[in-house]
Each structure stands twice: as structure tokens, then as C-alpha cells.
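In: coords please:
(one chain, ligands or ions: 1)
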Amino acid sequence: MKKILVINGPNLNLLGLREPALYGAQNFEALQAFIRSSAEALGLDVELFQSNHEGVIVDKIQAAYGVFDGILINPAAYTHTSVAILDALKAVALPTAEVHLTDISTREDFRKFSFVSLYAQKTICGKGFDGYKEGLEYLEEL
Ligand code: DQA
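Out: Numbers count the residues shown, from 1 in each chain. This next block holds a predicted model:
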């Protein structure tokens, strides 16, 4: 059974409360339950991880080496700023899919560029919770 690490970055723990017109009314617990049931249906073993701290996310990616078969990451705001997260992903070189609830290509200009996309083999945007399922399917099929 493939082991996938699912990382959610800053402020995603506030789903439901946070700008519901953009991110939806369902809370983070609902997202986690959705990811768990999607993984189970695909026969994947998932670990769910969320942090609001860049360095903690870097540490988690480093620790994934030799333990996980792939990473599904929504780096949230760090998508657009973090060379450190990009470098960590490149260092461990695990198959990686990037997911965003919203379509970052149609929002503010500062969201249009993703450092993580420079490494991720797949990027899924604007599909809400379903994007996580699509990312897991991609990692399962590899
Ligand atoms: C996000 C998009 C980012 O621009 C934003 O900073 C987030 C969430 C998304 O899932 O749509 O926190 O990654």
C-alpha cells in the first residue's frame, strides 16, 4: 500500500470560517474526512499534516524521505513565497502533486506564480475538495 503525506499550509485550518465565498462553507475537519475517505477508496495509506509555519513544513518534507511514496501539498500562501519549501521538495525528490482549492490563475497577480509548481509533477486548481481526490488519484497511478 502506497504511503502518501498530505500537507496543508497556513490558514487552511480555518476553512469554513475563512472567506467562505472563496473557500467554501465546509470546515477543515470536513476536508480531512474527505481526504481520508478518498484515500481509503483508492487503497492509499495517508498521513494528514497541517501547519501555519514554513520551517515546520520544511522539516516535515525532509522527514518524508524514505518513509512516504508521494506528497500531496496545498502550500497555501507559501505557494507564492517559499523557496525553502520548493528546495525541500526537490531535495527529497518524492513524486509530488500540488493542489489549491481556488483557481490561483484567476485571482490577484501575486497568486499567479507558484514556486512549488517548479517541482510538482501535477498542479490541480479551482476544484475545491475534489482537487485533493484528483491529486491522490494521480499519485496512486504513478
Ligand atoms: C490556496 C490559494 C493561496 O493563494 C492562498 O494563500 C491559500 C489557499 C488555495 O487552496 O486556493 O491559503 O492555496
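In: gap between the worst-scoring helix or strand of the chain on mean pLDDT and the chain center?
Out: Among the helical and strand segments of the chain, the one scoring lowest on mean pLDDT, DSSP states H and E is helix 20-23, with a mean of 96. Distance of helix 20-23 from the chain centroid (Cα atoms, centre = their mean, to the nearest Å) equals 18 Å.
In: State the mean pLDDT of the helix or strand following that helix.
Out: Going down the chain from helix 20-23, the next helix or strand is helix 28-42, by DSSP states H and E. Across helix 28-42, pLDDT averages out at 98.
In: circling back: is any residue of the least confident helix or strand of the chain near the ligand?
Out: No - against the ligand, helix 20-23 shows no contacts by Cβ under 6 Å from any ligand atom, the least distance being 6.9 Å. In short, each C-beta sits where N, CA and C put it, glycine included.
In: got the buried residues for that helix?
Out: residue 23 (16 or more other Cβ atoms under 10 Å).
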